[in-house]
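**Q** Sequence and predicted model, in that order:
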Amino acid sequence: MKTKNILSFAIVGITLISCSEEIRSDFPLANQQIENKVEFRKNPFGVIETGKVSPNGRQVNETVNVKLYSAEYLMAEESNEAGNLIIFEDRGNKQLNVDFSPVLSLDGTQEIEYYVDDVRAPQSMDFDEAREAVFKAGSTWKDVTCSDLGIDGIDGIGFPVGLAAFLYNFPSTPGFISEINHNGWMPAEFFDLIAPPNGSEGIIAVTFTFLAIDEEGEFVDSNNDGKFDVGFREIYYNDRFIWSNEGLGIDVETVALHEMGHGLSQEHFGAAFFTKKGDLKFSPRAVMNASYSGINRSINGTDKAGHCSIWGNWPNN
């Protein structure tokens, strides 16, 4: 097959509040603010060939090449850590601005769609209920009225899909279905590979982003907005944790809403700090805070403002 584009690959995700900084015992906890860090790593995969996957498991478009770019994840509140961004591209230790482009489209439309896996089920709850929560999260973002993105859901196709899962040697068809791909629940070992040696103890979910690269191996900015073009993103959830829709574990809809925000190009938001009791808190509390802090299923305030600043002019970006 002819190679049409080269894409670059990024990881963005949720963990159960993590931060690599130690808490200073000689400093008041209430005054210790935790910074979200950027970590630069060597790209372990190089250039990879992939493509859009059809319901019969075949690649329906020309193949594209991808390259791992970055990973962002959120941590659990009991871990007393805040989320990190991992970048797998050495550009002078600078974080690149990335976003979808209405000019570059792998499916030929300007709509942003999301796929919900129907194979990789959580062990701790009914799979249909978990998938329904993911669809609800997608509908919540769609109802933010400042943009006209589409944000329609695509149902599962009956077999596991996902390039990241394939790269880390888990059973998977190495391709994508839509711009944003919720690719189901993965075992703890998957998250240990992302953040060795014990990433699964804190990471709730992770989102991988693939950025467009031209035939000369350079990042693409097809609409000249100063941001490199996103091809597609993948989201995976950590099956090590207890998941629920009823407040008895990690709330699926809350986490899916956060990850969907990453899928829609939002970054972590809010200042993290420790209270006098040693609890990690965020100000203001928002869906896009860098840690999980209980049920939060609404898009308000800073979350809506961030979304509208990115998508308010779509598709005239």
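**A** Structure received. Keep in mind that this is a model prediction, so the values were computed, not measured. Residues are numbered from 1 along each chain as shown.
**Q** looking at it, residue 198 is touching residue 240, isn't it?
**A** No. Using C-beta atoms under 8 Å, residue 198 makes no contact with residue 240, being 10.5 Å away. C-beta here means a position set from N, CA and C on the backbone, and glycine is covered the same way.
**Q** Between these two, tell me which one has more neighbours.
**A** residue 240 (21 against 11; other C-beta atoms under 10 Å).
**Q** residues contacting the more buried one?
**A** 187, 188, 191, 200, 201 (C-beta atoms under 8 Å, 6 or more residues apart in numbering).
**Q** ditto for residue 48
**A** Neighbours of residue 48 in contact, by C-beta under 8 Å, 6+ apart: 9, 65, 66, 67, 68, 163, 167, 174.
**Q** What about these, which are in helices?
**A** Counting by DSSP state H, the contacts of residue 48 place 163, 167 in helices.
**Q** And the helices in the stretch 201-317 of the chain?
**A** In the stretch 201-317 of the chain, the helices defined using DSSP state H, counting those that start in this stretch lie at 252-263, 301-311.
**Q** closest one to residue 209 among these?
**A** Of all the helices of the stretch 201-317 of the chain, it is helix 252-263 that lies closest to residue 209, at 7.9 Å by C-beta to C-beta.
**Q** Sketch out the low-pLDDT regions of this structure for me.
**A** Judged against pLDDT under 70, the low-scoring parts of the chain cover residues 1-37, 59-61, 76-83, 90-95, 272-274, 278, 280.
**Q** Let's see that with 80 instead.
**A** Screening the chain residue by residue with the criterion pLDDT under 80, one finds the ranges 1-38, 46, 55-62, 65-66, 74-96, 106-108, 147-148, 270-283, 317.
**Q** Which residue lies nearest the spatial centre of the chain?
**A** In the chain, the C-alpha closest to the average C-alpha coordinate belongs to residue 207, at a distance of 2.4 Å (C-alpha atoms, centre = their mean).
**Q** Nearest to residue 269, out of the helices of the stretch 201-317 of the chain?
**A** Using C-beta to C-beta as the criterion, the shortest distance between residue 269 and these is 5.5 Å, found for helix 301-311.
**Q** Good, we can wrap up now.
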